[in-house]
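# One predicted model, sequence on top.
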Number of protein chains: 2
Amino acid sequence: MTSEIEQSHAAISRSLELLWRGRGQRSRGPKPGLSLDAIVSAAVRLADREGLAALSMRRVAAELGVGTMSLYRYVPAKTELLYLMLDHVSAPNEPDEAEIAGESWLTRLERTGRETYQLYVDHPWLLQVNQSRPVLGPNSMLGLEYSLATLDGLSLTDPEKIQVIVTLDSYVTGTARHYALLRQAHEETGISDEEFWAAQGPAIEEAMREYSFPHLMRLSGEAFSMSQQSMLDFGLERVLDGIASFVAACQESRPDGPPETGQDHDCGPEDGATAGAGR
Amino acid sequence: MTSEIEQSHAAISRSLELLWRGRGQRSRGPKPGLSLDAIVSAAVRLADREGLAALSMRRVAAELGVGTMSLYRYVPAKTELLYLMLDHVSAPNEPDEAEIAGESWLTRLERTGRETYQLYVDHPWLLQVNQSRPVLGPNSMLGLEYSLATLDGLSLTDPEKIQVIVTLDSYVTGTARHYALLRQAHEETGISDEEFWAAQGPAIEEAMREYSFPHLMRLSGEAFSMSQQSMLDFGLERVLDGIASFVAACQESRPDGPPETGQDHDCGPEDGATAGAGR
DNA sequence: CTACATTGGGTACGTCGTACTCAGTACGGC
DNA sequence: GCCGTACTGAGTACGACGTACCCAATGTAG
């Protein structure tokens, strides 16, 4: 059992070496006809085009006009390839100091959120990859670094900063997932949403008769007519609003910056919004 | 190509028949030794225990002490089984009128969010199943029905109600995904978070030296020490706060209930929270 | 009792990830 | 220049997977 753990440790080291481009220098033998980047790029291209289900080592090799097993000279296993793909598409694209200059931290946070959303729209297969461990890729770490920079000087404790970042990321990821699942369903079945609901018609009515969903039935026809864009906009506005009022409350109750030892994030908002909204 | 669409239509009908328990009456032949419920329950048990990757038709059959192909007498394909599993775990558990009576719409919304979160914690494989099409299962529709009931009488338009529900669900889903991915990484590799970061140590330091992440380095040690519970609590509070202030603003600008023809959800919050929080 | 609809499940095909193996290549040391 | 050797590319093979197809066993309708 210890060996199993040691093996996993070795796997981590292997991933890290690949992620940080630590490929040792070569000396003898034929020059490699492939490169890690070429493989990862081809894999990303394939996943973008046909989805994660179609991403097999054989397909990637075919994409490169190469034998299947040749890939294993560069990548120890498919899992590691996925990690590399993950870091590959998380490329920075965030600097551009010029247009950032005049932005408030809130609009900068909003832009980060939208960029993350766009990342998932461009590469839906990201949602099916476990991102929790390879957070360690250089590009992924850059993202966190930028977000932390955005929140600098706001009198938030370190845990609070992380919580703010994770909250925004969770919302954006969840929304992107909704959208990606809809698209995927459309592409896999070849059925548009309209056709789908049309096909449902009879069964739904049957169901209505048996179970009765009063509020659902009372919905107007345009209840589901919002675009994905407006769905993202609406929720993003709510989330950022909630974050902003939290930060404002913190700012007010801690005029001299965040307390040294954090953990107590009880500078909640005034809760004035909630009052009077009861039913 | 038309046949392909027709085939998909047929697939939908098949799923619906199964979902709504429309199994026809039998007449001749031996009595079935299995039941749809038994299969779905066994599949859910297996997925809960060993994850979606371990859920194969052979494994489910073995779980039931039955030949593999026998399952296909009850389920047309694995996809349909997943849909059935999805609706199976989305069981109601929401009524309980007694304790609901005194709750405001906001706390009721919060409870819905927490229940959804718990659902994903109990059945992490849900996050890997495409839920966008089989929204039509009876249990899934019940969930939407309850949420709509919660938002009744709040002078929101129908699209706004949907947007509020989807916003909350997106956040909760995203958070649950973070948690599920962490757990999955732990279980698959057999490495705890502490061991993982310890193994990272050298590589991370190496990276720091080469790329330099000033804000990341300045983080205190306890920056990542929050529990999953407190992560959920923090973000949920922010999201609900943002929703509450939106509803309050709507309430104020529409004293006589929602306008008949919706779509224009421009009754944004006063934006007072954002003011003064600029950098 | 016979006919036949229905059920259980065995076999087989094409896919997958990848362990193992070996032929061919081209550089370091002489 | 030449050989030894480290290295690369790729074929073969194995055990998993979903499921199409087939047949034997079953038990009710007529």
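Ah, there it is. Not measured: the values here are computed from a predicted model.

# domain parsing for chain A?
A:11-21+A:34-89, A:97-253 (automatic domain parsing).

# Any part of the longest one near DNA strand D?
Put plainly, it is domain A:97-253. No: Domain A:97-253 lies apart from DNA strand D when judged by C-beta under 7 Å from any atom of the strand; the minimum separation is 12.3 Å. The C-beta positions use only the backbone N, C-alpha and C, and glycine is treated the same way.

# same question, the shortest one
Yes: when contact is scored as C-beta under 7 Å from any atom of the strand, part of domain A:11-21+A:34-89 falls within range of DNA strand D: A:34, A:66, A:67, A:68, A:69, A:70, A:72, A:73, A:74.

# Also within reach of DNA strand C: list those from those residues.
Within these, those near DNA strand C by C-beta under 7 Å from any atom of the strand are A:68, A:69, A:72.

# Run through the stretch 51-200 of chain A and note the low-pLDDT ranges.
A:92-100, A:132-137, A:189-193, A:198-200 (pLDDT under 70).

# What ranges does chain A have for its helices?
In chain A, the helices defined using DSSP state H lie at A:2-19, A:36-50, A:57-64, A:78-89, A:97-100, A:105-122, A:138-150, A:158-189, A:193-211, A:214-217, A:228-253.

# With distance to DNA strand C and mean neighbour count added, can I get those helices in a markdown table?
Output for these, formatted as a markdown table (distance: least, C-beta to the nearest atom of the strand, whole Å; neighbours: other C-beta atoms under 10 Å in any protein chain shown):
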| stretch | distance to DNA strand C | mean neighbour count |
| --- | --- | --- |
| helix A:2-19 | 11 | 15 |
| helix A:36-50 | 10 | 18 |
| helix A:57-64 | 4 | 17 |
| helix A:78-89 | 3 | 20 |
| helix A:97-100 | 40 | 9 |
| helix A:105-122 | 22 | 17 |
| helix A:138-150 | 22 | 19 |
| helix A:158-189 | 16 | 21 |
| helix A:193-211 | 22 | 14 |
| helix A:214-217 | 33 | 14 |
| helix A:228-253 | 30 | 21 |
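
# Now distance to residue B:110 too, for those, in JSON lines please.
Compiled in JSON lines, these are given as follows (distance: least, C-beta to C-beta, whole Å):
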{"stretch": "helix A:2-19", "distance to residue B:110": "38"}
{"stretch": "helix A:36-50", "distance to residue B:110": "37"}
{"stretch": "helix A:57-64", "distance to residue B:110": "45"}
{"stretch": "helix A:78-89", "distance to residue B:110": "33"}
{"stretch": "helix A:97-100", "distance to residue B:110": "36"}
{"stretch": "helix A:105-122", "distance to residue B:110": "22"}
{"stretch": "helix A:138-150", "distance to residue B:110": "26"}
{"stretch": "helix A:158-189", "distance to residue B:110": "15"}
{"stretch": "helix A:193-211", "distance to residue B:110": "26"}
{"stretch": "helix A:214-217", "distance to residue B:110": "19"}
{"stretch": "helix A:228-253", "distance to residue B:110": "13"}
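
# hang on, the earlier thing: which of the residues of domain A:11-21+A:34-89 next to DNA strand D ranks first by neighbour count?
residue A:74 (19 neighbours; other C-beta atoms under 10 Å in any protein chain shown).

# Return the backbone torsion pair for that one.
The phi and psi values for residue A:74, taken as degrees, to the nearest 10, are phi -110, psi -30.

# So for chain A, which residue is the most central one in space?
The C-alpha lying nearest the average C-alpha coordinate of chain A belongs to residue A:173 (C-alpha atoms, centre = their mean; 4.9 Å).

# Tell me how many other residues surround the closest residue to residue A:48 other than its chain neighbours.
Excluding its sequence neighbours, the residue lying closest to residue A:48 (C-beta to C-beta, 6 or more residues apart in numbering or on different chains) is residue A:123, at 6.0 Å. Using other C-beta under 10 Å, residue A:123 has 20 neighbouring residues.
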